[in-house]
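1. quick one: sequence plus predicted model below, questions after.
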Amino acid sequence: MRTILFFLLISFFLISCSKDKFTSEPIIRYLSITPNSWSSDNTSINGPLLKFQLTDLEGDFGFQDTSVSFVYVRNVADSLSPFDSIPFPPIDIADKKNMNVEVSVDLGNILPPPNPTRPYTDTLFFEVYVRDFANHKSNVFVSGNPLYFITP
């Protein structure tokens with residue numbers, strides 16, 4: 001009897017310690033910002049891209065009927081300001097269950113205005129989180145590498 005109980009406890013412990021658990025609360029992990037420098041006089045329609053890894057049990061992100069989920073981003077240096085909401089980029093995967101995807105978000109619309117003192121280089125770090133359609137909030141990360149915003 002003790003042996004059976006011992007094996008049941010060990011089995012339960014091993015099953016509960018699975019490292020590939022997906023949860024209803026999204027989990028995000030910073031990957032990169034590319035390019036790592038951006039000029040205020042850049043005329044490109046796209047800005048620098050913030051990339052992160054997203055895992056979620058239900059995969060309820062993106063566009064759904066008339067709803068849109070968002071990525072929330074804030075410049076760390078301006079911590080008193082609210083987070084900017086960026087519509088979640090389209091995700092092309094057939095089955096969103098146990099979602100594990102790389103997401104790229106364009107930061108072009110949330111960069112600060114050029115500094116009037118020229119030339120000037122601002123070092124930007126960003127705080128980021130996401131919310132899914134069930135209103136579950138992810139963890140918050142701070143970008144690991146800076147974005148150098150240059151006012152020539």
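-> Looks like it came in fine. As the structure is a prediction and not an experimental result, all values here were calculated from the model.
2. run through the strands of this protein in chain order.
-> If you assign secondary structure with DSSP state E, the strands in the chain sit at 27-34, 37-39, 49-56, 63-64, 67-68, 70-75, 84-87, 99-106, 120-124, 126-131, 141-142, 147-151.
3. among those, which is nearest P114?
-> Between P114 and the strands of the chain, the tightest spacing by C-beta to C-beta is seen for strand 147-151, at 4.2 Å. C-beta here means a position set from N, CA and C on the backbone, and glycine is covered the same way.
4. sketch out the low-pLDDT regions of the chain for me.
-> Residue ranges of the chain with pLDDT under 70: 1-20, 64-65, 93-95.
5. 80 - rerun?
-> Scanning the chain for pLDDT under 80 picks out 1-23, 62-67, 79, 91-96.
6. before we move on, the earlier item: can I get the strands of the chain in JSON lines including mean neighbour count?
-> Shown next, in JSON lines, are the strands of the chain (neighbours: other C-beta atoms under 10 Å):
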{"stretch": "strand 27-34", "mean neighbour count": "17"}
{"stretch": "strand 37-39", "mean neighbour count": "15"}
{"stretch": "strand 49-56", "mean neighbour count": "19"}
{"stretch": "strand 63-64", "mean neighbour count": "12"}
{"stretch": "strand 67-68", "mean neighbour count": "11"}
{"stretch": "strand 70-75", "mean neighbour count": "19"}
{"stretch": "strand 84-87", "mean neighbour count": "15"}
{"stretch": "strand 99-106", "mean neighbour count": "16"}
{"stretch": "strand 120-124", "mean neighbour count": "15"}
{"stretch": "strand 126-131", "mean neighbour count": "20"}
{"stretch": "strand 141-142", "mean neighbour count": "13"}
{"stretch": "strand 147-151", "mean neighbour count": "19"}
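7. with distance to K21 added, can I get these in a markdown table?
-> Rendered in a markdown table, the data for those read as follows (distance: least, C-beta to C-beta, whole Å):
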| stretch | distance to K21 |
| --- | --- |
| strand 27-34 | 10 |
| strand 37-39 | 37 |
| strand 49-56 | 9 |
| strand 63-64 | 24 |
| strand 67-68 | 27 |
| strand 70-75 | 23 |
| strand 84-87 | 28 |
| strand 99-106 | 12 |
| strand 120-124 | 33 |
| strand 126-131 | 18 |
| strand 141-142 | 19 |
| strand 147-151 | 32 |
